[in-house]
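I would like the atomic coordinates for the input below:
(one chain, ligands or ions: 1)
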Amino acid sequence: MAVKGLGKIDQQYDGSNLRIGIIHARWNSVIIDALVKGAIKRMQSLGVKEENIIVETVPGSYELPWGTKRFVDRQKKEGKPLDAVIPIGVLIKGSTMHFEYISESTTHALMNLQEKVNLPVIFGLLTCLTEEQAFARAGIDEAKSMHNHGEDWGACAVEMSVKFGP
Ligand SMILES: O=Nc1c(NC[C@H](O)[C@H](O)[C@H](O)CO)[nH]c(=O)[nH]c1=O
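Below is the predicted model:
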C-alpha cells in the first residue's frame, strides 16, 4: 500500500537558530487555521522559537506569491531575515474554472519565487476537489484524516533551511 505524506523524516533537524515566516490566505479559514497550527506545532517541536515564527496574512491564495515576496523583502529590510517561508492557502473546486486558474498560476508563481527570494518557499497550497478532502488534509476530519499537512510543511521548512541555508 502506498504510504502518503512525508514519510519518515531521515533525521531530526535543529531549528533553534531559524527564523521562519508563515503567510496564509484567509479563505476557508477553519481549514487554514488547522494547517497553520500544525506547521507551528511541528516547527516548535524541532526547536524553532515562538518569537522566530512570524505569521502574516493575505486575502486569498491568488495573493500569496506577491504577498510572500513583499513579506520576505520586508523582514530582510528590517534586519530580521527569514530562513524559509511557508505560504499556506486552501483552494476548493467550485462550479467555475476559477479553481483551476488560481491553482495553476499560484503554484508556478510560488515555485519561481524561490529563485527570486533565494529562500526555500514551501508549497503549502491545498488544491481540493471537495471540502471533505481539505478537512482530511488539515487533520480535522478524524474519520478520513490522513494527517495535518501543515506539520509536513513545518518539518520541510526546517530541513530545507538547515540543509541548504547560506
Ligand atoms: O475562489 N476561491 C478561492 C479563492 N479565491 C480568491 C482569490 O484567491 C483572490 O483572493 C481573489 O480573486 C482576489 O484577487 N481564494 C482561496 O484562497 N481559496 C479559494 O477557494
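
Grab the longest helix from this protein for me.
Ordering each helix of the chain by length in residues (DSSP state H) puts helix 98-117 first.

list the contacts for the closest residue to the ligand within the chain?
For the chain, the residue positioned closest to the ligand under CB to the nearest ligand atom is residue 60, at a distance of 2.2 Å. (Each C-beta comes from the backbone N, C-alpha and C, glycine too.) If you count contacts by CB atoms under 8 Å, 6 or more residues apart in numbering, residue 60 has them with 25-27, 89, 102.

how near is it to residue 86?
With distances defined as CB to CB, to the nearest Å, the gap from residue 60 to residue 86 amounts to 17 Å.

again, but for residue 132
As judged by CB to CB, residue 132 and residue 86 stand 24 Å apart.

ok, those two, which is more surrounded?
Between residue 132 and residue 86, counted using other CB atoms under 10 Å, the more crowded position is residue 86 (28 against 14).

Quickly find the element holding residue 91.
Using DSSP states H and E, the secondary-structure element containing residue 91 is strand 84-92.

I'd like the distance from that strand to the chain centre, please.
4 Å (CA atoms, centre = their mean, to the nearest Å).

Give me the buried positions along that strand.
84-92 (16 or more other CB atoms under 10 Å).

can you tell me which of those are up against the ligand?
Checking the buried residues of strand 84-92 against the ligand by CB under 6 Å from any ligand atom, the ones in range are 89-92.

near the ligand, which residues of this structure show up?
The interface of the chain toward the ligand, taken as CB under 6 Å from any ligand atom, is made up of 25, 27-28, 59-63, 89-92, 98, 102.

Flag the shaky bits of this protein, pLDDT-wise.
1-10, 145 (pLDDT under 70).
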